[in-house]
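Novice: with the sequence up front, the predicted model follows.
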Amino acid sequence: MKALRAVIGLATVMASSLPVLAASDPPPGAASCSGCHSRGVTGSSVSRLNGRDAGEIATAMAGFRDGSLPATVMNRIAKGFSDDESRAMAAWLAAQK
């Protein structure tokens with residue numbers, strides 16, 4: 001019985017730490033966004049992405065991909081990502097403060 005409680009306790013601790021680990025590891029492609037969309041850029045036409053609404057970011061990526069949003073570079077970059085990849089990057093960027 002004690003072993004079962006220990007296993008359940010360990011599993012609970014591990015499960016509660018997974019969101020922290022997931023939040024610190026960017027999904028493929030997300031880390032490269034900071035090259036242009038850095039945290040400290042002010043007065044730039046390139047918007048800051050950290051902390052923005054995930055739905056807003058994913059919608060913009062879809063717009064760049066299908067050509068409904070004008071872009072100089074993002075239209076080509078967005079075409080390299082699927083909807084699922086864009087949503088994963090958007091969720092990660094939104095969680096960054």
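Specialist: Cool, got the structure.
Novice: from here on, just use CA atoms for contacts and neighbour counts.
Specialist: OK.
Novice: isn't Ala95 right next to Gly51, touching?
Specialist: Yes: between Ala95 and Gly51 a contact is recorded at 5.8 Å, counting by C-alpha atoms under 8 Å.
Novice: residue ranges for the helices of the protein, please.
Specialist: Assigned by DSSP state H, the helices in the chain fall at 2-24, 54-66, 74-78, 83-95.
Novice: lowest average confidence across those, which one?
Specialist: The minimum mean pLDDT among the helices of the chain belongs to helix 2-24 (a mean of 48).
Novice: how many residues are close by Asn75?
Specialist: 20 (other C-alpha atoms under 10 Å).
Novice: contacting residues around the nearest residue to it once chain neighbours are set aside?
Specialist: Excluding its sequence neighbours, the residue lying closest to Asn75 (C-alpha to C-alpha, 6 or more residues apart in numbering) is Phe64, at 4.4 Å. Residues counted as contacts of Phe64 (C-alpha atoms under 8 Å, 6 or more residues apart in numbering) are 70-71, 74-76, 78-79.
Novice: among those residues, the buried ones, what's the PyMOL command?
Specialist: To isolate the buried members of the contacts of Phe64 in PyMOL, using 16 or more other C-alpha atoms under 10 Å:
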select buried, resi 74+75+78
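Novice: show me which of the contacts of Phe64 is closest to Arg87.
Specialist: The closest of those to Arg87 turns out to be Ala78 (C-alpha to C-alpha; 11.7 Å).
Novice: wait, doesn't the closest one sit right on Arg65?
Specialist: Yes: with contact defined as C-alpha under 8 Å, Ala78 counts as touching Arg65 (5.1 Å).
Novice: re the thing from before, redo the contacts of Phe64 as TSV? Include distance to Ser86.
Specialist: Formatted as TSV, the contacts of Phe64 follow (distance: C-alpha to C-alpha, whole Å):
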residue	distance to Ser86
Pro70	18
Ala71	17
Met74	12
Asn75	13
Arg76	14
Ala78	8
Lys79	10
